[in-house]
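Undergrad: sharing a model prediction with you, sequence too.
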6 protein chains.
Amino acid sequence: MRRNERKVDELRLVTIETNYLIHPEGSVLISIGQTKVICTASVEERVPPFMRGEGKGWVNAEYSMLPRATEKRTIRESSKGKVTGRTMEIQRLISRSLRAVVDLTALGERTIWIDCDVIQADGGTRTASITGAFIAMTIAIDKISKEKKLPRFPVNDFLSAISVGIDREKTAILDLSYDEDSTARVDMNVVMTGSGEFVEVQGTGEEATFTMSELQQLLSVAEKGNRELMKFQKEALGEIAGKIGGS
Amino acid sequence: MRRNERKVDELRLVTIETNYLIHPEGSVLISIGQTKVICTASVEERVPPFMRGEGKGWVNAEYSMLPRATEKRTIRESSKGKVTGRTMEIQRLISRSLRAVVDLTALGERTIWIDCDVIQADGGTRTASITGAFIAMTIAIDKISKEKKLPRFPVNDFLSAISVGIDREKTAILDLSYDEDSTARVDMNVVMTGSGEFVEVQGTGEEATFTMSELQQLLSVAEKGNRELMKFQKEALGEIAGKIGGS
Amino acid sequence: MRRNERKVDELRLVTIETNYLIHPEGSVLISIGQTKVICTASVEERVPPFMRGEGKGWVNAEYSMLPRATEKRTIRESSKGKVTGRTMEIQRLISRSLRAVVDLTALGERTIWIDCDVIQADGGTRTASITGAFIAMTIAIDKISKEKKLPRFPVNDFLSAISVGIDREKTAILDLSYDEDSTARVDMNVVMTGSGEFVEVQGTGEEATFTMSELQQLLSVAEKGNRELMKFQKEALGEIAGKIGGS
Amino acid sequence: MRRNERKVDELRLVTIETNYLIHPEGSVLISIGQTKVICTASVEERVPPFMRGEGKGWVNAEYSMLPRATEKRTIRESSKGKVTGRTMEIQRLISRSLRAVVDLTALGERTIWIDCDVIQADGGTRTASITGAFIAMTIAIDKISKEKKLPRFPVNDFLSAISVGIDREKTAILDLSYDEDSTARVDMNVVMTGSGEFVEVQGTGEEATFTMSELQQLLSVAEKGNRELMKFQKEALGEIAGKIGGS
Amino acid sequence: MRRNERKVDELRLVTIETNYLIHPEGSVLISIGQTKVICTASVEERVPPFMRGEGKGWVNAEYSMLPRATEKRTIRESSKGKVTGRTMEIQRLISRSLRAVVDLTALGERTIWIDCDVIQADGGTRTASITGAFIAMTIAIDKISKEKKLPRFPVNDFLSAISVGIDREKTAILDLSYDEDSTARVDMNVVMTGSGEFVEVQGTGEEATFTMSELQQLLSVAEKGNRELMKFQKEALGEIAGKIGGS
Amino acid sequence: MRRNERKVDELRLVTIETNYLIHPEGSVLISIGQTKVICTASVEERVPPFMRGEGKGWVNAEYSMLPRATEKRTIRESSKGKVTGRTMEIQRLISRSLRAVVDLTALGERTIWIDCDVIQADGGTRTASITGAFIAMTIAIDKISKEKKLPRFPVNDFLSAISVGIDREKTAILDLSYDEDSTARVDMNVVMTGSGEFVEVQGTGEEATFTMSELQQLLSVAEKGNRELMKFQKEALGEIAGKIGGS
């Protein structure tokens, strides 16, 4: 049995506070268990140089943790003067995932900057970031769609992400806390859409391997988790939710 | 008259939430008007190389802003690969100020790391950081004093900071919001102790100058502001407040 | 039909030249189609600071491309003064994958440094790197096992990797060339062991999504590819191959 | 009594050599006691990107010390690959101070680059830099005013700076040498104009605090020092001095 | 007697494989003894900013070693985040040398990027780089001359380089291996043209000095070596060789 | 005829001011024509890690130019965050040259840090640096030899350096000013000892080549220049000069 009598396929407590900050076009404070992330979406009326003139938009994410989001203080990346490999990998994952459900042509030649800042970490910070960032991004895009004439609402589908793993007893578990993640044999992040398709599947044997059957259990548990997360997203977005995927 | 009918020598709304995070030894979410800063204090059981073996402790602060704490998104210092001059200046100010009220010998050979992360900025982020960091630091030091045998409680006095300025009408005003700060002729940060002494006085004519008489008005308003801030600190610290300056 | 009449589940031409260089303990020039990678393994008789004294070994990989390995010249990372996110992601993938089949305790307190330098790129450079690096590493470990008294041969199983994808016609294809990779809707890298288990599964919808059924086709094709690659590895390793997984 | 029988409110020996170098538009070697700084002013016929098209000029200062300007050799910032917080703080102070007495509109869209390179350090290097840089800048501006048609001479007033402090006997002293600075309880830098107004007041308790009465003594001594420094500036500038503040 | 019965003025085995890679406009794998360098030439249809609009071309070289090109693994410059002084010195030498035989005006406003990547090092890597880069560059320029209308073939003369040294017995020796280089008293790199003139002469006493007579022996041996290297270049270039120096 | 009626083999005016600064163990302000360099020597009682425990000393030089030493202001290397290739090349040259005349074993396990800071540049800054640094280093070593018991005076011979070139009229000229250097076809720096031997010979055709006969003229003129420079060194060193090369 897991901490707090949680079942193997049960999410931790999820809370989402939208419009958490006054400046960004979209912002969210998402908590999944003790993991807390501030996700903001900022609109910039231009795209990176390599995309100029194509009439398409762009979505780019950055990720960071406060030094004391973790149990032991970690050195700031600004003090080290460079971004770690882990951070870059996560930033690329968030960016790619969000772009999979955005109609970049309908968005028009502008960039949505996503910032995911982990205030407190207890496992699953990258998946919480994706789940929260989707909401912040959609709120910001809704603001654009009200001010500018867009051909259609440029968010095609819901998007959320969750971590799953195989524990030492070879059981597939959903939404790993930091302690569970540290001891899991296999660790997988699954990003999915509202229509139940995959956007990213990243499974890693931590000095271990996994079978096809284990892989299928992991995906099944992940699908359940993502389905539930999207309910929270729908609720948080209110009437904006109805615009997603519309033509 | 100022925004929200605020008087020239009136603070904005101050709220302080202690133990805001689960991991740090001390943590605070301080809000002064729309300015919000997470201040954490982390204890490390060693000091920087240049101080080893002297039996004294150290206090060191870092400061950062979330990219979208500001009205326009600012690029992360980790992405730029370097810390700006402004950030360094603020970090040095916070560190020096806190050390002025800490008995480093009584603290023993350990470092208190202070992290001030601005979640939302509306003027006065460096002074809010000092005021909040003092609380986080004192909570962390209280934890040390309960676990280790210290000769005395190593915090000598209260410490807070406030910004003051001379506006376009040549009036001294207390606790400037971002708008007020942008148009002020003179801008001053004043760090004070509970006994009413100065720790830091940094006054700057923004492409302007100021007279001795203006300087005195600024200091007088700042003293009132700091006196009020320390009442909030006392309340937030509860019974720990009674240990400060004790022998 | 693919370039050169290749079938959807057919590998490109694979050649492996072992002991390609005179200095490294293990080295390989691997070609998969037009993709060519020099993989070397270097033995260092110590481990990183965070592992000292645990009696365990470590495997760490670095990856780079010559500036003109690609169709257009890319700027050197040393000139830019930083390693890109893509490179870091690949380095972490290679390192983790290799560690999954190494018995770090049997290896003893030493590090195997893996260097994968892409001489010519035509798709699949990261998977060719893993496949080649496994051989270079095993040769280097064999050298150690002859000079030092190891409790057992510290390589537990074969390890190879291959890229698979879903093309525009929704067909699963094996071993994508650069052209195929650029147009594929879904792109997946699959790292497997000799016993047919997964080590890493990284599937990405490129601004697209994929279904469970597509995922299964991808994994099936990948398994066929990896099975064939391991035959090439066995041949290249000669008698050393027989030591792998031995007790 | 201080070294060399100096009185508490007495400056050290001041010498100023104008046009010290052949290339810069303005240059000065200033010595205050053993502290020696080469100050140069360079004219660039454009302004930083954020100011273009506004028709206004800019003044920007950089500060550095030769590695062996100090008693012990310090590592070059170019070798470390970054500028320290102390240097950035000083550069910002010099830049802001000079801009306070320059009519940027009258200067026109060009930048005056100030370089202060400390050849030998014995306390007060930042204030000597400001005092010397004012002269170099005024000489360079005079050159511009002869070659270009400026609406008026763009220097509004004299500007100098001096350090003051409170020593262990609680006495306010003027123009601290390095030894005095190291032992002072309070350390203050005061930048003033020819009309006796303040531009910057930066007072710091070095792990100590100071009272309002001490602050007033410090400012009074600083005013005397700055008044005397401006006599040296006037003499060094010769006939150019007469143009300052003219309409 | 030297290793492999080599005479004092005898080159090691030289092999040159042209068009070694598929992507670059010119490419060569050159081996001189155990030293192996991949040299590529890439054409960019523009010049650096400081040369724009002058109608002249540019040649710029970069040099690097694979981490395990050397007997002990060396850390990648990309990991260190900076290029070493040795690398910069070599890059500047290769660039300058090649430019000495190129008619930059005839080349037109384009850049030839030269990349010399040392696959295996056994002394003389910088001179092998120059000798190989000349061939790769000439092949690339030949490609340009076929596609664009150039006023003349822009390579004026052959160019090669060799290392020479004075050993412990005060004998001048040609083409030093790494072992010989480590023990030589004097070490000299000589870059020459087909007409027998010098382009660069860089002689260094390694914590030693050398006389005028020794200098003359070194130059004489170097001339013989370069004469022979150019025969290999001529053969490798085939019919392109005939275009060099033509009007 | 050259500027100021200077003959082809005539040095510019040379002045040397020893003990120019109060802090360094050795210091010199050397002027050769309008080129002015501050050279200092600092003693550190340890050697770099790679030399520890060998009982030998080390000499290491750094070189820099003030931003406005040149006709146009150059950006500081500390601002750029990296040292240029030119600076590294010069630093390596100065270091190697000085080490050629120092008995590192007699020096004992300590480092002499040489800093050459160009205050004003008009050609020949690297050779002036070597010539001046030799004096500063010898003064510092003399100080060591008085305080510590050294087996012998560790400077074996005099050392100076001069630039020579071939001008557009194919004449060999001595000690090139910046103007002359910019137009010279060939540029050579020659470092020599008091006994007339070479330490470094670095000749470069600037997009040009040179013959053996030209090389010999250059070396002959350089020898004359160095002989004269050493007379200035001897005079500047006074009685210390007599200790050089002594047993």
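TA: That came through fine.

Undergrad: spatially nearest residue to residue A:65 (excluding sequence neighbours)?
TA: The spatial neighbour of residue A:65 that comes closest, neighbours along the chain excluded (Cβ to Cβ, 6 or more residues apart in numbering or on different chains), is residue A:118 at 4.2 Å. Where you see a C-beta, it was placed from the backbone N, CA and C, and this is true even at glycine.

Undergrad: the one you found reaches residue A:34, doesn't it?
TA: No: applying Cβ atoms under 8 Å, one finds residue A:118 not in contact with residue A:34, separated by 11.2 Å.

Undergrad: which secondary structure state does the residue in chain A positioned nearest to chain E sit in?
TA: Using Cβ to the nearest Cβ, the single residue of chain A nearest to chain E is residue A:82, 7.1 Å away. Three-state call for residue A:82 (DSSP: H, G, I helix; E, B strand; the rest coil): coil.

Undergrad: so which of residue A:118 and residue A:34 has more stuff around it?
TA: residue A:118 (22 against 16; other Cβ atoms under 10 Å in any protein chain shown).

Undergrad: against chain B, how distant is the residue of chain A closest to chain E?
TA: 6 Å (Cβ to the nearest Cβ, to the nearest Å).

Undergrad: how about residue A:189?
TA: 23 Å.

Undergrad: just residue A:145 next, same as before
TA: For residue A:145 relative to chain B (Cβ to the nearest Cβ), the value is 20 Å.

Undergrad: secondary structure element for that residue?
TA: In this structure, residue A:145 sits in helix A:125-147 according to DSSP states H and E.

Undergrad: now swap in residue A:27 and tell me
TA: Here residue A:27 is assigned to strand A:26-32, by DSSP H and E.

Undergrad: show me what that strand is packed against.
TA: Here strand A:26-32 touches strand A:14-18, strand A:35-44, helix A:125-147, going by 3 or more Cβ pairs under 8 Å, 6 or more residues apart in numbering or on different chains; DSSP states H and E.

Undergrad: going by residue numbers, what spans are strands in chain A?
TA: A:14-18, A:26-32, A:35-44, A:58-65, A:111-120, A:159-166, A:172-174, A:186-193, A:198-205 (DSSP state E).

Undergrad: among the ones you listed, which comes closest to residue E:223?
TA: strand A:58-65 (57.9 Å; Cβ to Cβ).

Undergrad: tell me what angle the closest one forms with helix A:125-147.
TA: Put simply, strand A:58-65 runs at 140 degrees to helix A:125-147, going by axes from the mean of the first three to the mean of the last three Cα atoms, to 10 degrees.

Undergrad: now tell me what touches strand A:58-65 from outside.
TA: A:47-48, A:51, A:74, A:77, A:87, A:90-91, A:94-95, A:98-99, A:102, A:104, A:110-118, A:121, A:125-126, A:129, A:133, A:137, B:67, B:76, B:78-79 (Cβ atoms under 8 Å, 6 or more residues apart in numbering or on different chains).

Undergrad: buried deepest among the strands of chain A, which one?
TA: strand A:159-166 (a mean of 28; mean count of other Cβ atoms under 10 Å in any protein chain shown).

Undergrad: okay, now the sheet partners of that one, with direction.
TA: strand A:172-174 (antiparallel), strand A:186-193 (antiparallel) (DSSP bridges).

Undergrad: mean pLDDT for the ones you listed - can I get that in JSON lines?
TA: Shown next, in JSON lines, are the strands paired with strand A:159-166 (pLDDT from 0 to 100):
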{"stretch": "strand A:172-174", "mean pLDDT": "97"}
{"stretch": "strand A:186-193", "mean pLDDT": "97"}
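
Undergrad: can you redo those strands as a markdown table with distance to residue A:158?
TA: Below are those laid out as a markdown table (distance: least, Cβ to Cβ, whole Å):
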| stretch | distance to residue A:158 |
| --- | --- |
| strand A:172-174 | 18 |
| strand A:186-193 | 6 |
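
Undergrad: distance of residue A:205 relative to residue C:201?
TA: Counting by Cβ to Cβ, to the nearest Å, the gap from residue A:205 to residue C:201 is 9 Å.

Undergrad: one more: residue A:100?
TA: From residue A:100 over to residue C:201 (counting by Cβ to Cβ), the distance is 18 Å.
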